[in-house]
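S.K.: quick one, structure for this:
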Amino acid sequence: MDTPMEKKTPLSDMMRTTMDKIHEMVDANTIVGQPITTPDGVTLIPISKVSFGFGSGGGDYGKTSAKEGFGGGSAAGVKIDPVAFLVIKDGATRVLPVAVPPTSTMERIVEKVPDILDKMEKRFDKKEDKEPC
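M.R.: Residues are numbered from 1 along each chain as shown. The predicted structure is shown next:
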């Protein structure tokens, strides 16, 4: 990965180490987890959303040698949020979302709309069944 023109510095080494550690933490198994099989034959596959960021910085203090007087730091953060499970049962696959609880009144109303529509549809279906043809 190093190019012949790239200078090795303590800062570049620190950044490379930070990125290597992030790469170890965030792989495909973090996003699409290992399948879990239950005793009754259902397979669950966890799906997650991964967000990460990092920053590095440093400076050389003193000119007597390349390693003398270097000060620097690096930091990284990783956030993993569960999104859904793939549920595989009897050859059929469905997505079971992991819902975040609503925090505002508007979110609660929007969450209830499908239930209200289902109830209205059932009520209209019952009325049509009762009316004579």
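S.K.: what about residue 35, how many neighbours?
M.R.: 11 (other CB atoms under 10 Å). All C-beta atoms are positioned from the backbone trio N, CA, C, and that covers glycine.
S.K.: that one contacts residue 45, doesn't it?
M.R.: Yes - counting by CB atoms under 8 Å, residue 35 does reach residue 45; the two are 5.1 Å apart.
S.K.: following the lowest-mean-pLDDT helix or strand in the chain, which helix or strand shows up next?
M.R.: Lowest on mean pLDDT, DSSP states H and E among the helices and strands of the chain sits helix 28-31, with a mean of 69. Sequence order places strand 36-37 as the next helix or strand after helix 28-31, per DSSP states H and E.
S.K.: who does that next one touch, helix- and strand-wise?
M.R.: Counting contacts by 3 or more CB pairs under 8 Å, 6 or more residues apart in numbering; DSSP states H and E, strand 36-37 packs against strand 43-60.
S.K.: what's the angle between the helix or strand just after the strand it packs on and strand 43-60?
M.R.: Note on strand 43-60: by DSSP H and E, the next helix or strand toward the C-terminus is strand 70-89. Strand 70-89 and strand 43-60 meet at an angle of 170 degrees, taking axes from the mean of the first three to the mean of the last three CA atoms, to 10 degrees as the criterion.
S.K.: ok, residues contacting the helix or strand following strand 70-89?
M.R.: The C-terminal neighbour of strand 70-89 among helices and strands, as given by DSSP H and E, is strand 92-97. Strand 92-97 has contacts (CB atoms under 8 Å, 6 or more residues apart in numbering) with 83-87.
S.K.: kindly reformat the residues you listed as CSV containing pLDDT.
M.R.: Output for the contacts of strand 92-97, formatted as CSV (pLDDT from 0 to 100):
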residue, pLDDT
83, 87
84, 90
85, 90
86, 90
87, 92
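S.K.: turn these into a markdown table, columns for neighbour count and distance to residue 122.
M.R.: Listed next are these as a markdown table, based on neighbours: other CB atoms under 10 Å; distance: CB to CB, whole Å:
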| residue | neighbour count | distance to residue 122 |
| --- | --- | --- |
| 83 | 16 | 30 |
| 84 | 16 | 27 |
| 85 | 18 | 28 |
| 86 | 16 | 30 |
| 87 | 14 | 26 |
